[in-house]
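>>> Okay, sequence plus prediction incoming.
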Number of protein chains: 2
Amino acid sequence: MVDTAPPADAVGTRYGARPTMKDVAAHAGVGLKTVSRVVNGEAGVAQDTERRVREAIAALGFRRNDSARVLRKGRTSSIGLILEDLADPFYAPLSRAVEDVARAHGALLVNGSSTEDPEREQELALALCARRVDGLVIVPASRDHRYLEPEISAGVATVFVDRPPGRIAADLVLSENREGARAGVAHLVAHGHRRIGFVGDRPHIHTAEERLAGYRAAMSDAGLPVDEAWVAPGATDPERVRRDAGRMLGGAEPVTAIFAGNNRVTVTLVRLLAAAERRTALVGFDDFELADLLSPPVTVVAQDPSAMGRRAAELLFARLAGAGGPPHRLSQPTRLVPRGSGELPPDS
Amino acid sequence: MVDTAPPADAVGTRYGARPTMKDVAAHAGVGLKTVSRVVNGEAGVAQDTERRVREAIAALGFRRNDSARVLRKGRTSSIGLILEDLADPFYAPLSRAVEDVARAHGALLVNGSSTEDPEREQELALALCARRVDGLVIVPASRDHRYLEPEISAGVATVFVDRPPGRIAADLVLSENREGARAGVAHLVAHGHRRIGFVGDRPHIHTAEERLAGYRAAMSDAGLPVDEAWVAPGATDPERVRRDAGRMLGGAEPVTAIFAGNNRVTVTLVRLLAAAERRTALVGFDDFELADLLSPPVTVVAQDPSAMGRRAAELLFARLAGAGGPPHRLSQPTRLVPRGSGELPPDS
DNA sequence: CGTGGACTAGACAACGTTGTCAACTCTGGG
DNA sequence: CCCAGAGTTGACAACGTTGTCTAGTCCACG
């Protein structure tokens, strides 16, 4: 089935080598530039000539080499996306939204997972720049993005999502982390809770910091004291979460409710609380699939990762289209979704 | 913060234009090729010269243009991945696994979602080939891949995952769909069910077809008749699934168990069955997060999408490294995970 | 019959890099 | 003092495409 591909009469092409416009031109008996015109749909080629060229293209199985085109034109029609983990249910829709916008602009998406490693982020970003992507959408893992300055001033449109860039000014799309967390904790307060725990992500991550600030703000708004034993920022691995949450659920004055700083923490807490005898209220930051089917269904502060990806990509293409002005800072609202776990009364 | 980037003494560079090796060479007072040698870590450059070149590179903010390099070298060190939907929880880990293998081989990943549209798949695949990716990993949406023949014979390593290619021979990594479904249905039979329904994906999709065949095989193995009213292939939208499942759950002789053909169907059925008064057993194809926390916890036939992605990518890089021979056809086993919903007894 | 313009076509340089090759400078041994 | 050989270095072509520019052909019009 392979033998149908490059016909034996191919001129100047060896097996395994691709035909070029030059080969097509020779095969069709026309000039190189004429082939280029046909391939790019430029005007000024006689119908009969065009037909001959198209036949030659089909016969040789020619496909334009876009690397050469890129070299000549300067634009690659591709954008890069760097995020923590492609497989994370929060980032997958974001990634998909970026892809959709890219597609609408005729661009391809190149992406990489930074795995929350600043060095890896930089390595990826610079590799993408070396390939001359037209723009970058970045969910930062690093806190210093000065390494991007030469790239940005060379014209690589760059938009940060979910977390702000470090030590440079650039376009940015954020969730309302602080306000969202504040609303979520206020919701627990409104249902009668006074001892509320916070289990979040590592505090050096911007979103984690903001959500913690929102928690403190809500407690303060309600005139409630915060026992530092109730506050547990840290890694999101289940073991750490179980340990810290277990601590605040035990003791003489256990918390009656927990606010979870992100979806992975929430899921771990759902497992932990399901196994406990006492009912503890729970509100989680980030929505997740099936949250409504758990018992009790999980109340969350929902973000809209798809909208964030879309807005970031649209901002990027607006810049590529020449939009000027100072860096934008877009804010994406969150939405409290009451489902049951956040409406449980304090048990005491 | 931008003014620090391209220093004022840059020679031959305008703002917004990137410095090239030629610029670096001029700035360092050396030849073009010497810069190339330094950038690529080739031997044969005196220490002092190398230092001068490195200084010039830093001063100008030079970064090698990989499109030009690609044009010269022929290899892009990038591979393409085409799948139905990046954001689908089944494909996200697959995608991530492909990325990890690519990274281990120093390659970048370019990806696109076909949205189950054959034309879009072809458009994407050919666009990736035009950019001269070294290889392609494809979850097919189309049933005819002859359009790839010229590309494959031109040297683009191509591996299909999850579904076989149409009308060409190529490397392939599949799940054991038929055997998995058969085992899942046999599990229901073993728990006493005799009237078992099948709700699957559109029958023209290979995996859906195989799983349906597995269902029929298991019923036949057990000497059980299949009432065609119990068999509902079709789109995975919740409405269709509810309608078809509702039909087989009603009537005089309702099914006492359902086998769900994929994760989206399973989730819809979980919702439907949770709302019903009668307990119906359920086994789903594909595992999903939190399946163990539902009530009852959902028994599934689990695939390993990450392993599939990894094996496909490894196969691809083996081909790129020169491995010859006829197309491989790898089979990835499935695993029955009993959790509760599949062990419910028939209600009648 | 000459001329101007529209249409068609191709020669050529350029994009920024790498491979090839020749030339130059040393060094040490004969 | 000469020469072989190692160590450096850069000129140049090539990769496959597109932009510019020139030139030829044909027709309508004066």
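Happy to help now that I have it.
>>> Give me the spatial nearest neighbour of whatever residue of the stretch 201-348 of chain A ends up closest to DNA strand D, chain neighbours excluded.
Going by Cβ to the nearest atom of the strand, DNA strand D is nearest to residue A:320 of the stretch 201-348 of chain A, at 16.9 Å. All C-beta atoms are positioned from the backbone trio N, CA, C, and that covers glycine. Nearest non-adjacent residue to residue A:320, counting by Cβ to Cβ, 6 or more residues apart in numbering or on different chains: residue A:157, 5.1 Å away.
>>> Could you check how far that neighbour is from chain B?
According to Cβ to the nearest Cβ, to the nearest Å, residue A:157 stands 12 Å off from chain B.
>>> Show the model's pLDDT score for that residue.
Looking at residue A:157, its pLDDT is 96.
>>> Tell me which residues touch it, please.
Residue A:157 makes contacts with A:134, A:135, A:136, A:171, A:316, A:317, A:319, A:320, as judged by Cβ atoms under 8 Å, 6 or more residues apart in numbering or on different chains.
>>> sorry, back to before: from memory the residue of the stretch 201-348 of chain A closest to DNA strand D sits against residue A:134, does it?
Yes - with contact defined as Cβ atoms under 8 Å, residue A:320 counts as touching residue A:134 (5.7 Å).
>>> Show me which of the two is the more surrounded one.
Ranked by neighbour count (other Cβ atoms under 10 Å in any protein chain shown), residue A:320 and residue A:134 place residue A:134 first, with 21 against 18.
>>> OK, contacts around the residue of the stretch 201-348 of chain A closest to DNA strand D?
A:105, A:134, A:135, A:157.
>>> which among these gets closest to residue A:243?
The closest of those to residue A:243 turns out to be residue A:135 (Cβ to Cβ; 42.1 Å).
>>> Give the full set of residues in contact with the closest one.
Residue A:135 touches A:79, A:80, A:156, A:157, A:158, A:159, A:316, A:317, A:319, A:320, counting by Cβ under 8 Å, 6+ apart.
>>> Next, format the contacts of residue A:157 as TSV and append distance to residue A:269, pLDDT and secondary structure.
What follows is those, written out as TSV (distance: Cβ to Cβ, whole Å; pLDDT from 0 to 100; DSSP: H, G, I helix; E, B strand; the rest coil):
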residue	distance to residue A:269	pLDDT	secondary structure
A:134	42	96	coil
A:135	38	97	strand
A:136	35	98	strand
A:171	34	98	strand
A:316	36	98	helix
A:317	39	97	helix
A:319	40	96	helix
A:320	42	95	helix
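>>> where does chain A come near DNA strand D, residue by residue?
Chain A comes close to DNA strand D at residues A:17-18, A:20-22, A:32-33, A:36, A:39-40, A:62, A:64-65, A:68-69, A:71-73, as judged by Cβ under 7 Å from any atom of the strand.
>>> out of those residues, which are buried?
A:18, A:20, A:21, A:36, A:39, A:62, A:64, A:65, A:68, A:69, A:71 (16 or more other Cβ atoms under 10 Å in any protein chain shown).
>>> Correct me if wrong: the fifth one contacts residue A:63.
The one in question is residue A:39. No - using Cβ under 8 Å, residue A:39 is not in contact with residue A:63, being 9.3 Å away.
>>> quick one, phi psi at the residue in the stretch 1-150 of chain A that DNA strand C sits nearest to?
Here the residue of the stretch 1-150 of chain A nearest DNA strand C is residue A:31; by Cβ to the nearest atom of the strand that distance is 2.6 Å. As for residue A:31, its main-chain torsions (degrees, to the nearest 10) stand at phi -80, psi 160.
>>> do you know how far the closest residue to it other than its chain neighbours is from residue A:18?
Nearest non-adjacent residue to residue A:31, counting by Cβ to Cβ, 6+ apart: residue A:25, 6.0 Å away. Remark: distance between residue A:25 and residue A:18 (Cβ to Cβ, to the nearest Å) = 15 Å.
>>> count of residues packed around residue A:28?
Neighbours of residue A:28 under the rule other Cβ under 10 Å: 22.
>>> My read is that it contacts residue A:50, right?
No - using Cβ under 8 Å, residue A:28 makes no contact with residue A:50, being 9.7 Å away.
>>> so how far is the first residue of stretch A:317-328 from its last?
Distance between the two ends of stretch A:317-328: 13 Å, counting by Cα to Cα, to the nearest Å.
>>> List the buried residues of it.
In stretch A:317-328, counting by 16+ other Cβ under 10 Å, buried: A:317, A:318, A:319, A:320.
>>> cool, stretch A:254-266 as well?
Under 16+ other Cβ under 10 Å, the buried positions of stretch A:254-266 are A:254-266.
>>> Among the residues you listed, which lie within strands?
In strands, defined here by DSSP state E, the members of those are A:257, A:258, A:259, A:260.
>>> what's the third one in contact with, if anything?
In other words, residue A:259. Residue A:259 makes contacts with A:181, A:184-185, A:188, A:196-199, A:215, A:282-285, as judged by Cβ under 8 Å, 6+ apart.
>>> Break down the stretch 101-250 of chain A into its strands, ranges please.
A:108-113, A:135-138, A:157-161, A:171-175, A:196-200, A:231-233 (DSSP state E, counting those that start in this stretch).
>>> Wait, residue A:336 touches residue A:188, no?
No - in this structure, residue A:336 is not within contact of residue A:188 by Cβ under 8 Å, at 10.8 Å.
>>> between those two, which one's more packed in?
More neighbours surround residue A:188 than the other of residue A:336 and residue A:188, with 29 against 15 (other Cβ under 10 Å).
>>> which one is the more buried one nearest to, not counting chain neighbours?
residue A:257 (4.5 Å).
>>> near chain B at all, stretch A:229-247?
No - using Cβ under 8 Å from any Cβ of the partner chain, stretch A:229-247 never reaches chain B; the gap is at least 12.8 Å.
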